[in-house]
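> just a sequence and a predicted model for now, questions to come.
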Amino acid sequence: MSQGVTDDQVPAGQDPVLAVEDLSVCFEAGRQLKALSQVSVTVGRAEIVGVVGESGCGKSLTALSVMGLLPHNATVTGGRVVLEGVDLGSLNGRQRRDLRGRRMSMVFQEPMVALNPLMRAGRQVTEVLSVHSLLSRPARKERTLALFREVGLADPEARYRQYPHQLSGGMRQRVMIAMALAAEPSLLIADEPTTALDPTVQSQILQIFLDIRDRLGTSVLLVTHDMGVIAEVADRVTVMYAGRVVESAPVSEIFHRPAHPYTAGLLASIPARNADRGRAEDLPTIPGRVPALGEITAGCPFAPRCERAQTRCLQEEPGLLAAGPAHLAACWYPLEQDRLPAPARSET
Amino acid sequence: MIPAEVAAPLGPAEVPAAVGAEPGRRSYRRVLRWWPLAVLAVAAFAAAFPFVLAPNLPDATDLVGRLKGPGTTVHGTSYLLGTDSLGRDVLSRVIWGTRISMTVAVIAVVAGGVVGSLLGILAGSRRKVLGGVIMRFADMVLSIPFFLLAILVVAILGPSLVNTVIVLATVRWPRYARVAFGQTLEAHSREFVKASVAVGVGPWRLFRRHILPEVLPSLIVVATLEVGLMIIYEAALSFIGLGAQPPTPSWGAMLSEGQQYVSTAWWIATFPGLALFVIVVSVNRLGDLLRDRLDPRQRSPR
Ligand SMILES: Nc1ncnc2c1ncn2[C@@H]1O[C@H](COP(=O)(O)OP(=O)(O)OP(=O)(O)O)[C@@H](O)[C@H]1O
Ligand SMILES: [Mg+2]
């Protein structure tokens, strides 16, 4: 790794495993469309950081930029990604590939299609081990079986020999996680890992993340649009809106003292937390929708949907400002910190 | 075959519906659909062992027995399909012609197919710059009229069967490149390919393990259909004198010789033409069957 290390000023001893710093990404689609704008996220060792936001706010894009797997029509136009002290932008393709799997891995949303239908489950995991030339052939099989046990697959020997179509969605997601963990990465990125699964399987999968964090010290960047998932496993949360980070805080802060009206809106629309309210139609929703990439104009991108918006919000875009200990929010008029929020309610 | 514990313990697994044995009549029909294989097996045998099937040598002339009709016997030698203007046995020449047609077509398809497929896959995997260059070049080659290029190459290299193969491969590789390019792009957009890249699988292994198996079925279908086309092209080049040279028993050359005698000795051109027709129809039919079998997405509307 020596050639990749740059002169960063991260204090030794408490380096974050991942630091995304002011990352900007543009799409080339006739004209340049800015999809990420100065996104910063950090993940500490053995920390689970959630990234939440509505569909299209750039969560997946952030994850893919870290992995260096952006779509071919996207380019990084600013900022950097530092993984364990190594600036990924300074690496060539080969060096980056070498980090994938060994230092960082990614689990995708759709377990139904994320395994090669023509390969046995066991083979897909041993492949990762052979890519990184870890272990001898019989040892790879042993390690794969151990991984299968680790991710809670019953009867690993049988799973090892099965093809993906013979496995349920939950089992496939476990195989995916086993693949991602095979080379013991320090960082696991999971993009909506449970969205396609039913609720019981969902919590079992989330439990695996807690488990590997506790036993292996793996850091997890968990992308989701579901505040319930965040509540279950995350230590810290980064809330994204229209390609920007709008709030970032420890989980308890976010849930008890959200500073950004958008976060408050997200929280108010979690069904479980509003169980006492009765019928589902009563759930408050955030009016309006996320602006499309070309539509973002001056001012705070959330202002058109925000009931607290003032003239300043329409003219100047707020940067991330301290809203409490380890708590940042991009809002000119953050919700007051010492009382529970009165979340935005829809008129109907 | 699927063990029972698949469904346990995490909820329902979709066990694919077992394909039950069809009733006798239907399965009989299904086997019959593959008749092109039988025709092509005979043709392949003729191509491999023409000396076993051919009653006479293809080049043996018999000046007494010139232009004799089918079924004639001259000096105790019977000519089932008649003789040509030099008294050569048409049947034997058609049988030996199978070897020429099949060899030229298969070598041209393998050469063009391998080069085109590899370039197409490379273009699909290195989309940014290299891919654009390769595919633009492919478009350019495709835009040159076939016979123009053939005449050019033959003018430079001289007419021969080897040069025919070179011409055919040179002209046809873009077809495979286009298919391979499209299929590779599709494969790269598949989630499991992304997942493999995300755990560090490099380009070479990705190609072998994940891309090639996705791309191959379509390429096999295209290659099969191309064999039919290459047989026609070879015959066409030989017909206009740019391919096989006399006395090589190429079907195209035989057609060309025979056309002068169509009114007086119809059999000289008819039988090689018939052989050409049967083989090409069989190859194309096989291509369609393979497409339905391997690549249902591109099923031709009927
Ligand atoms: N290949 C692409 N070309 C052009 N625009 C794209 C492309 N991929 C994504 N985008 C745009 O980039 C923005 C962010 O996309 P991203 O996939 O990161 O959203 P997301 O937050 O993950 O949403 P979701 O919850 O739906 O997965 C979206 O507005 C999307 O339309
Ligand atoms: Mg996404």
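Noted; the coordinates are in hand. Ligands and ions are numbered 1, 2, ... in the order given.

> alpha carbons only for contacts and neighbour counts from here, please
Will do.

> for chain B, give the residue positioned nearest to ligand 1.
Going by CA to the nearest ligand atom, ligand 1 is nearest to residue B:189 of chain B, at 10.4 Å.

> count of neighbours near that residue?
Residue B:189: 12 surrounding residues under other CA atoms under 10 Å in any protein chain shown.

> look up how far residue B:182 lies from it.
Distance of residue B:189 to residue B:182, computed by CA to CA, to the nearest Å: 11 Å.

> tell me the contacts of the nearest residue to residue B:200 once chain neighbours are set aside?
Nearest residue to residue B:200, sequence neighbours excluded (CA to CA, 6 or more residues apart in numbering or on different chains): residue A:100, at 4.5 Å. Neighbour list for residue A:100: A:67, B:197-200 [criterion: CA atoms under 8 Å, 6 or more residues apart in numbering or on different chains].

> which residue sits farthest out from the middle of chain A?
For chain A, the residue at maximal distance from the C-alpha centroid (CA atoms, centre = their mean) is residue A:138, at 34.6 Å.

> sorry, back to before: state the phi and psi torsions of the residue nearest to residue B:200.
Main-chain dihedrals, residue A:100, degrees, to the nearest 10: phi -70, psi 130.

> likewise for residue A:247?
Dihedral angles (degrees, to the nearest 10) for residue A:247: phi -160, psi 150.

> what residues are up against it?
Applying CA under 8 Å, 6+ apart to residue A:247 gives the contacts A:238-240, A:259-260, A:263, A:320, A:327-330.

> and those residues, which is closest to ligand 1?
residue A:240 (8.0 Å).

> mark which of the contacts of residue A:247 are buried, thanks.
For the contacts of residue A:247, a burial check counting by 16 or more other CA atoms under 10 Å in any protein chain shown picks out A:238-240, A:259-260, A:263, A:320, A:327-330.

> how about the residues of the stretch 151-300 of chain B by chain A?
B:190-195, B:197-202, B:210 (CA under 8 Å from any CA of the partner chain).

> may I see these arranged in TSV, with pLDDT as well?
Shown next, in TSV, are those (pLDDT from 0 to 100):
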residue	pLDDT
B:190	88
B:191	88
B:192	91
B:193	92
B:194	90
B:195	90
B:197	92
B:198	91
B:199	92
B:200	91
B:201	92
B:202	89
B:210	91
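
> ranges for the strands of the stretch 201-348 of chain A?
Assigned by DSSP state E, counting those that start in this stretch, the strands in the stretch 201-348 of chain A fall at A:219-223, A:236-241, A:244-250, A:321-324, A:327-329.

> any idea which of the ones you listed scores lowest on pLDDT?
Among the strands of the stretch 201-348 of chain A, strand A:321-324 has the lowest mean pLDDT, at a mean of 85.

> buried ones in that strand?
Buried residues in strand A:321-324, counting neighbours by 16+ other CA under 10 Å, are found at residue A:323.

> just checking, what packs against that strand?
strand A:327-329 (3 or more CA pairs under 8 Å, 6 or more residues apart in numbering or on different chains; DSSP states H and E).

> strand partners (parallel or antiparallel) of the strand it packs on?
Strand A:327-329 has its sheet partners listed here by DSSP bridges as strand A:244-250 (antiparallel), strand A:321-324 (antiparallel).

> right, is the first one up against ligand 1?
No. Using CA under 6 Å from any ligand atom, no contact is recorded between strand A:244-250 and ligand 1, whose separation bottoms out at 10.4 Å.

> stretch A:61-80 and ligand 1, are they touching?
Yes. Applying CA under 6 Å from any ligand atom, one finds stretch A:61-80 in contact with ligand 1 at A:61, A:71.

> need the residues of chain A near chain B, please.
Counting by CA under 8 Å from any CA, the residues of chain A near chain B are A:67, A:69, A:72, A:97-102, A:104-108, A:110, A:113-116, A:128, A:131-132, A:154, A:165-171, A:179-180, A:201.

> which of those residues fall within strands?
Taking DSSP state E as the definition of strands, the residues of chain A next to chain B contribute A:104-107.

> format these as a markdown table; extra columns: neighbour count and pLDDT.
Compiled in a markdown table, these are given as follows (neighbours: other CA atoms under 10 Å in any protein chain shown; pLDDT from 0 to 100):
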| residue | neighbour count | pLDDT |
| --- | --- | --- |
| A:104 | 29 | 95 |
| A:105 | 30 | 94 |
| A:106 | 32 | 94 |
| A:107 | 27 | 92 |
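
> related to what we said a few turns ago, residue B:61 is nearest to which of the strands paired with strand A:327-329?
Residue B:61 sits nearest to strand A:244-250 of all the strands paired with strand A:327-329, at 86.4 Å, using CA to CA.

> any idea how far residue A:134 is from residue A:174?
Distance from residue A:174 to residue A:134, by CA to CA: 21 Å.

> the more surrounded of those two?
Counting neighbours by other CA under 10 Å for residue A:174 and for residue A:134 shows that residue A:174 has the greater number, 25 against 14.

> the more buried one and chain B, how far apart?
Note on residue A:174: its distance to chain B, by CA to the nearest CA, to the nearest Å, is 11 Å.

> list the contacts of that residue.
A:148, A:151-153, A:205.

> the host helix or strand of the residue farthest from the centre of chain A - contacts with which helices or strands?
Residue A:138 belongs to helix A:137-150 when assigned by DSSP states H and E. With contacts defined as 3+ CA pairs under 8 Å, 6+ apart, helix A:137-150 has these neighbours: helix A:121-131, helix A:156-161, helix A:169-181.

> which of the residues in the shortest one are buried?
Judged by neighbour count (16+ other CA under 10 Å), helix A:156-161 contains these buried residues: A:156-157, A:159-160.

> and the residues of the stretch 151-300 of chain B next to chain A as JSON lines, adding secondary structure and neighbour count?
Shown next, in JSON lines, are those (DSSP: H, G, I helix; E, B strand; the rest coil; neighbours: other CA atoms under 10 Å in any protein chain shown):
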{"residue": "B:190", "secondary structure": "coil", "neighbour count": "17"}
{"residue": "B:191", "secondary structure": "helix", "neighbour count": "19"}
{"residue": "B:192", "secondary structure": "helix", "neighbour count": "22"}
{"residue": "B:193", "secondary structure": "helix", "neighbour count": "22"}
{"residue": "B:194", "secondary structure": "helix", "neighbour count": "20"}
{"residue": "B:195", "secondary structure": "helix", "neighbour count": "22"}
{"residue": "B:197", "secondary structure": "helix", "neighbour count": "23"}
{"residue": "B:198", "secondary structure": "helix", "neighbour count": "26"}
{"residue": "B:199", "secondary structure": "coil", "neighbour count": "32"}
{"residue": "B:200", "secondary structure": "coil", "neighbour count": "28"}
{"residue": "B:201", "secondary structure": "coil", "neighbour count": "26"}
{"residue": "B:202", "secondary structure": "coil", "neighbour count": "18"}
{"residue": "B:210", "secondary structure": "helix", "neighbour count": "23"}
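
> could you say which helix or strand holds residue A:76?
If you go by DSSP H and E, residue A:76 is part of strand A:74-83.

> pull out the buried residues from that strand.
A:74-76, A:79-83.

> quick one: least confident helix or strand in the chain?
You didn't pick a chain, so chain A it is. Taking mean pLDDT, DSSP states H and E as the measure, the helix or strand of chain A with the lowest value is strand A:321-324, at a mean of 85.

> that was the other one, I meant chain B.
helix B:24-32 (a mean of 79).

> from residue B:294, how far out is the spatially closest residue to residue A:116 that is not a sequence neighbour?
Distances taken as CA to CA, 6+ apart place residue B:192 nearest to residue A:116, at 5.4 Å, with adjacent residues excluded. Relative to residue B:294, residue B:192 is positioned 20 Å away (CA to CA).

> mind putting the buried ones among the contacts of residue A:247 into TSV with distance to residue A:16?
Listed next are the buried ones among the contacts of residue A:247 as TSV, based on distance: CA to CA, whole Å:
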residue	distance to residue A:16
A:238	15
A:239	19
A:240	20
A:259	25
A:260	25
A:263	25
A:320	20
A:327	17
A:328	18
A:329	21
A:330	22
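
> quick one: the helices in the stretch 101-250 of chain B, in order.
With helices called from DSSP state H, counting those that start in this stretch, the stretch 101-250 of chain B shows them at B:130-143, B:146-157, B:161-189, B:191-198, B:203-205, B:212-239.
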